[in-house]
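Chemist: How does the following fold in three dimensions:
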Amino acid sequence: MGSGSRMAEAVALALLVAGCAGTPTPYQPISSASRSEGGYSEVQLAPDRFRVTFAGNSFTSRERVEASLLYRAAELTLQQGNDWFVIEDRETERRVERDFRPDPLYRPWFYDDYAYWRPYWRYYGPGLGWQTWDPYFGDPFWTGRVDTRQVERFEVTAEIRMGRGFMPTTNLKAFDARDVIRRIGPDIRSGR
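Modeler: Predicted structure coming up:
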């Protein structure tokens, strides 16, 4: 096999691995088909008020989630025939999921005779109180040989009020919808 053939195989493998890597939530409406990927949604509360939400997947930064919400609020404002919007209320939710898995190579000295026996422990941690340790779900208390994974997901919700004409200049939470579209639109649409 020649070096050119090996190089082609290496490039193909690299492209395959890159294609399998996760990507941030695209700017899209959330639907039952894309719920795990995330996206935006809105609910009309009054003729000039909406609750807008953007949920990101585990590859989407908080900054990207909040920028996508701001962009959606501006886009929705223009679609409703308005010029500006005010953020009346905003909330960012951060979900952290931790997954502890026992090390598959962990083999205590008694394993050959009692493979299915595992104790359940309770221990006291300062500031934490009593904690329970389950050997089937893993815990760093028992061994440093666990596979730990932390997944963060962000979801932001804002209630917006829309208006036409001159924007309130004294309200720092007021945004010109066209200005928001012009400034952050290219980054949102390109997926940066």
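Chemist: use CA for all of it now, contacts and neighbours both
Modeler: Noted.
Chemist: now this protein, which segments are flagged as low pLDDT?
Modeler: For the chain, applying pLDDT under 70 flags the ranges 1-21, 32-36, 92-125, 131-151, 192.
Chemist: domain parsing for it?
Modeler: Under automatic domain parsing, the residue ranges defining each domain of the chain are 20-99+151-190, 107-142.
Chemist: Now the phi/psi pair for residue 26, please.
Modeler: Backbone torsions of residue 26, given as degrees, to the nearest 10, read phi -70, psi 160.
Chemist: Surely it touches residue 54?
Modeler: No. Contact criterion Cα atoms under 8 Å: residue 26 and residue 54 do not qualify, at 10.6 Å.
Chemist: Counting neighbours, go ahead and name the busier of these two.
Modeler: residue 54 (28 against 21; other Cα atoms under 10 Å).
Chemist: Is the more buried one within a helix or a strand, and which one?
Modeler: strand 49-55 (DSSP states H and E).
Chemist: in the protein, which spans are helices?
Modeler: All helices of the chain, identified by DSSP state H, fall at 3-20, 62-79, 177-190.
Chemist: elements contacting the second one?
Modeler: The helices and strands touching helix 62-79, judged by 3 or more Cα pairs under 8 Å, 6 or more residues apart in numbering; DSSP states H and E, are strand 49-55, strand 84-102, strand 146-163, helix 177-190.
Chemist: Dump these into JSON lines; add distance to residue 65 as well.
Modeler: Listed next are the helices and strands packed on helix 62-79 as JSON lines, based on distance: least, Cα to Cα, whole Å:
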{"stretch": "strand 49-55", "distance to residue 65": "6"}
{"stretch": "strand 84-102", "distance to residue 65": "9"}
{"stretch": "strand 146-163", "distance to residue 65": "7"}
{"stretch": "helix 177-190", "distance to residue 65": "10"}
